[in-house]
Structures are given as C-alpha cells and as structure tokens.
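J.: heads up, no residue letters with this:
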C-alpha cells in the first residue's frame, strides 16, 4: 500500500513496530517497503489473504500528488505482466498493459531501476524478503540486527506458497523478470559469445573485442548504471527478437546484490 508520508502509516497498518518506524524514518520517502500487520479494513485481495501488508512512501513528485489527492492507501503493484521484466519507462508499461488499464502517466521513473527493498518487520528480528535499492549495509546502519533472507547458505524460514499467492513479498520462489530470450549468466565475457548465433546480446561491465558484432550490447561503467538500465536492456533484446542474452553477473557491492538477484531470476534460476 502506497502512502504520501510516514505519518499516515495507520491508514494501512494496525501497528508500526519500532524497527519499521526507524527504517521508514531513515529511508522514506524512497525505495523501501516494510511488511507490518495490516488494518482489518484493508481488502484481503491486496494482501493475498495474509494478515500483513507492505507499506511504502514513494519518492516521486507525481506519485506524491496522486496519493495526497486520493487521501487513502493505494494498492499499486508493479506495472508489468507477471514474470516479465519490470517496466522502467512509460513506453515499457504500455507494451505490457495497453488495453488492460485506463491510462498511463507519461513521465519516466527515477533512474534507480531496481525495485524497493522489502523488509519483514513483523517479528523481533527484521528480515529482508527482497533485496533492492536500499542495501543491507544501509539497513544495518539503522537497525543492526536486520537479517537477510538467505544467510550463510541457509534460508530464513518464512512460510510461502508454491505459487506465491501467500508469500509476504512477490517473487520469493518462482522466477520473475524473465525476457522471452534465453538468459545465460557469465562471470566474464568468453569466446563462446563470439561463436554464438547471430541474434545474440550481451550486457555487463566488461568490454571485449568483437562486441560490436552482436545484435545488441551494452557496457556499463558503474554498478548503479548497470542496475538502472538492466530491465530496459532485457526489453530491448525482446524488441529486437534476440534469442540469447549473455548477462555478466554484477559485483556483490551496493546495489549489485539486488541486481544479481534480478539477474538470477531473469535466467530462471
């Protein structure tokens, strides 16, 4: 549920635990979603039948105006078809949803490119359900005992349904963000890219000789730029009927951790 500011949390949440309050105080408005107990009045269709709800305060002037005008919590899922790469431009939104929705506001998003970080704040130990633009280091700077969903190879036990219908956060189990093209994750450009079929694409942070022969390629100088452009690159590959996309894994620093998660899901892993 999207809200115009933190002080309106009680329109959607029954309670706001201290660690949720601290995290929102530090990073809202911004790309942070906290999962908290919901108010009874929140429709079960919004929460997949769960007694929890994610709340977020977006950092975008247009979104803020819409939310203030609505004067109620707004359920606003990602503007893309299930499992498809997220849309980071209004043109990409139209590709997926034209004819399915009444209108699109034609203004592009911020340049972060990766979805919000989702933190389950219902228990005494907050757990990151989905890595995002707010890194684990940033979260721990405010709440030191925040845990990652996967830690030391072990999965933090959070009940989820196989079809995600009762998951506390979207995409905890099945693959999301997949283009129509096959995605192959690599650590560094290898000779097989040059011998690949003609309709081949590559994105990453390493350049290599012969890259211009590919149907589509992009080399990013920073991990932030890589994250910002990743979804749109996948969509552009589909527009060009690319059959194989070689994706260089992002470094595990900063937003790179969240980007690696999206890359893994794009590959269906």
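T.: Alright, I've got the coordinates. Since the structure is predicted, the reported quantities are computational estimates derived from the model, not experimental observations.

J.: Strands of the protein, start to end?
T.: Here the chain has its strands, by DSSP state E, at 32-37, 52-56, 117-120, 127-130, 147-148, 150-151, 154-155, 182-186, 200-204, 216-219, 244-248.

J.: how far does stretch 36-46 stretch from start to finish?
T.: The straight-line separation of the ends of stretch 36-46 (C-alpha to C-alpha, to the nearest Å) is 13 Å.

J.: Distance from it to the middle of the chain?
T.: A distance of 22 Å separates the centroid of the chain from that of stretch 36-46, by C-alpha atoms, centre = their mean, to the nearest Å.

J.: picking up where we left off before, and the strands of the chain: which comes nearest residue 93?
T.: Closest to residue 93 of these, according to C-beta to C-beta: strand 52-56, at 18.3 Å. The C-beta positions use only the backbone N, C-alpha and C, and glycine is treated the same way.

J.: Against which helices or strands is that closest one packed?
T.: Contacts defined by 3 or more C-beta pairs under 8 Å, 6 or more residues apart in numbering; DSSP states H and E place strand 52-56 against strand 32-37.

J.: I'd like to know how many residues surround residue 4.
T.: 21 (other C-beta atoms under 10 Å).

J.: contacting residues around the nearest residue to it once chain neighbours are set aside?
T.: Leaving aside its sequence neighbours, residue 4 sits nearest to residue 67 (C-beta to C-beta, 6 or more residues apart in numbering; 4.0 Å). Residue 67 is in contact with 2, 3, 4, 58, 74, counting by C-beta atoms under 8 Å, 6 or more residues apart in numbering.

J.: If we use 10 Å, what do you get?
T.: 2, 3, 4, 5, 8, 57, 58, 60, 73, 74, 76 (C-beta atoms under 10 Å, 6 or more residues apart in numbering).

J.: now, which of those residues sits nearest residue 252?
T.: Nearest to residue 252 among the contacts of residue 67, counting by C-beta to C-beta, is residue 58 at 27.1 Å.

J.: I'd like the distance between that closest one and residue 184.
T.: Distance, residue 58 to residue 184, using C-beta to C-beta, to the nearest Å: 34 Å.

J.: Repeat that for residue 78.
T.: For residue 78, the distance to residue 184 (C-beta to C-beta) stands at 25 Å.

J.: Could you do residue 194 as well?
T.: Per C-beta to C-beta, residue 194 is found 14 Å from residue 184.

J.: Kindly report the same for residue 140.
T.: 33 Å.

J.: cool, and residue 66?
T.: Using C-beta to C-beta, residue 66 is found at 40 Å from residue 184.

J.: and if you look at residue 127?
T.: With distances taken as C-beta to C-beta, residue 127 is found 31 Å from residue 184.

J.: and the two? which has more neighbours close in?
T.: A side-by-side neighbour count of residue 127 and residue 184, using other C-beta under 10 Å, places residue 127 first with 21 against 15.

J.: can I assume that one is in contact with residue 120?
T.: Yes: counting by C-beta atoms under 10 Å, residue 127 does reach residue 120; the two are 4.6 Å apart.

J.: Which pLDDT value belongs to the residue nearest to residue 4?
T.: Note for residue 67: predicted pLDDT of 94.

J.: and among the strands of the chain, the most buried is which?
T.: Compared across these, strand 117-120 shows the largest average neighbour count, a mean of 26 (mean count of other C-beta atoms under 10 Å).

J.: partners of that strand, with directions?
T.: strand 32-37 (parallel), strand 127-130 (antiparallel) (DSSP bridges).

J.: How far away from the center of its chain is that strand?
T.: From the chain centre to the centre of strand 117-120 is a distance of 11 Å (C-alpha atoms, centre = their mean).

J.: and if you look at stretch 75-87?
T.: Taking the mean of its C-alpha atoms, stretch 75-87 sits 9 Å from the chain's own mean (C-alpha atoms, centre = their mean).
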